[in-house]
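Chemist: Fold the following.
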Amino acid sequence: MQKLNAIYMAFTDLVNEIGYEKLTTRLVAKKAGVSIGSVYYYFPDGKASIAAGLYEKNLSAQLENMQLDLRTQISRSLSIHKEHKELYRAFDQAIYARKDIFLGLKNRRDSGMKDEISGEDISLDLVLLMNGTVDALIHRHLFVESMFETDEELVDYLTAIATASYNYLK
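Modeler: Reported below is the predicted structural model:
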């Protein structure tokens, strides 16, 4: 477990320092103080596998957020994205490069969300649609161009969209 955490930390540090594009498995191993073989033992597909592992840990946090009110969920998601901006950029790049690795994670996320909302008057499809929309707009705001003057305005906008969509589609 210690090696695994060292690899995750090294990956995160390197993504922040040099970006996902320049990152190599060899650099991760060196920074983590482990052999390249150890990295490939835990992550057979190299940096895409490491990104997938971190992404999966992040999905667990998303599922925990499901218990919060909508505005708090969105605000927390934005804060986490801002705090780990380069890591989220790396997730996007890894997903585009290796969709096959991330498909299983998506299916587990969907299943976890289904469990979280069971018994509530809301459909899984609506939750996934709104989650994807909020995530896409946060990414656009952070990575492409700021859509609003303040984060508060973005959170207000996303909360209004999600609430209106829920009320319209329920």
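Chemist: Surely Phe102 and Gly53 touch.
Modeler: No - using C-beta atoms under 8 Å, Phe102 is not in contact with Gly53, being 11.0 Å away. (Each C-beta comes from the backbone N, C-alpha and C, glycine too.)
Chemist: Please identify the buried residues of the helix or strand harbouring Ile7?
Modeler: Element membership for Ile7 (DSSP states H and E) is helix 2-18. By 16 or more other C-beta atoms under 10 Å, the buried positions in helix 2-18 come out as 4, 6-8, 10-12, 14-15.
Chemist: what mean pLDDT would you report for whatever helix or strand comes next after that helix?
Modeler: Proceeding N to C from helix 2-18, the next assigned helix or strand is helix 25-32, under DSSP H and E. In this model, helix 25-32 has a mean pLDDT of 96.
Chemist: Equivalent analysis for stretch 37-51, please.
Modeler: 93.
Chemist: now stretch 33-47, how far from the chain's geometric center?
Modeler: 22 Å (C-alpha atoms, centre = their mean, to the nearest Å).
Chemist: got the contact list for that stretch?
Modeler: 3-4, 6-7, 11, 20, 23-26, 28-29, 32, 49-50, 52-53, 94, 98, 101 (C-beta atoms under 8 Å, 6 or more residues apart in numbering).
Chemist: give me that answer again for 10 Å
Modeler: With C-beta atoms under 10 Å, 6 or more residues apart in numbering as the test, stretch 33-47 has contacts from 2-4, 6-8, 10-11, 14-15, 20, 23-30, 32, 49-53, 90, 93-94, 97-98, 100-101.
Chemist: residues touching Tyr8, list them.
Modeler: 28, 32, 42-43, 50, 53-54, 57.
Chemist: How about Leu4?
Modeler: If you count contacts by C-beta under 10 Å, 6+ apart, then Leu4 has 32, 34, 38-39, 41-43, 50, 53 around it.
Chemist: Which of those are buried? Put it as a ChimeraX command.
Modeler: Buried residues within the contacts of Leu4, by 16+ other C-beta under 10 Å, are selected in ChimeraX with:
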select :32,34,38,39,43,50,53
